[in-house]
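Trainee: here is the input, now give the coordinates:
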Amino acid sequence: MELSDTDWGILNLCSDNRETRKNIAAALDKSPNYISKELSKLNEMGLLQQPGPAENSGMHVTTKKAEFVLSKQEKYERRQSELFGEFVESAVELARELSAEADEEVTPRDIVVVTGQAHELLQRLENRSGISPQEAADRIEMNLYATQAVLYELYFFDLLDRAVTSEGEIYDLTARGRRLLDQPAQTTVKDANRTWNMITSKDRSEPSFDE
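Mentor: Below is the predicted model:
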């Protein structure tokens, strides 16, 4: 999910109000033709929609998916743009599935983990602080490149904080991460999120983290 500074500007504008192409162009000091291309791209990505009642109203507003994306803006990194998009899509889909089981709507912001590797690493970190990517890689016996992707997932879902020091990146558990660790251990991604969201129904046919 590659998003430029202009894309973020458009999303923020359309989150606050219904906006037209001309208003967006003026606010961002861009040409209307350029804004048209970006609007089309964001619509195709499912981040913008044109509100009714008239079709092709010429106004644009953010979707629920876009609101989740905006909530994660500080986590966005160009080098991790593909993973960022994957986490967004996975959280949206998992929230939709869990909403069908729950008494109340589950939103993407309610999702805490989407891969087994991330859940496993979190369990192995326990209550350690100041962990480096290499130490994390050693704990889950995974190469450093793959481990960095797992760490980014935990950072994306607010389970880890990240700081950049003279020795490189350092990660610490957040209060949200500690709370997840305090919950009973689960064997599937869905069950971990069910427990987090206090949903009691379960699908026993789901694969476990180890599969």
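Trainee: count residues in the vicinity of Ser90, would you?
Mentor: Ser90: 17 surrounding residues under other CB atoms under 10 Å. (Each C-beta comes from the backbone N, C-alpha and C, glycine too.)
Trainee: doesn't Val114 make contact with it?
Mentor: Yes - if you go by CB atoms under 8 Å, Ser90 and Val114 touch, sitting 4.0 Å apart.
Trainee: what about the helices in this structure?
Mentor: Taking DSSP state H as the criterion, the chain carries its helices at 5-16, 21-28, 32-44, 64-71, 81-99, 116-125, 133-140, 144-156, 175-182, 189-196.
Trainee: quick check, central residue of this structure?
Mentor: Against the mean C-alpha coordinate of the chain, by CA atoms, centre = their mean, the closest residue is Val88 at 4.1 Å.
Trainee: could you pull up the residues touching that residue?
Mentor: If you count contacts by CB atoms under 8 Å, 6 or more residues apart in numbering, Val88 has them with Met1, Lys65, Phe68, Val69, Lys72, Pro108.
Trainee: Asn43 is in contact with the second one, correct?
Mentor: Going back to what we said before, that points to Lys65. No - between Lys65 and Asn43 there is no contact under CB under 8 Å: 11.7 Å.
Trainee: so which of the two has more stuff around it?
Mentor: When Lys65 and Asn43 are compared for neighbours, Lys65 comes out ahead with 18 against 14, by other CB under 10 Å.
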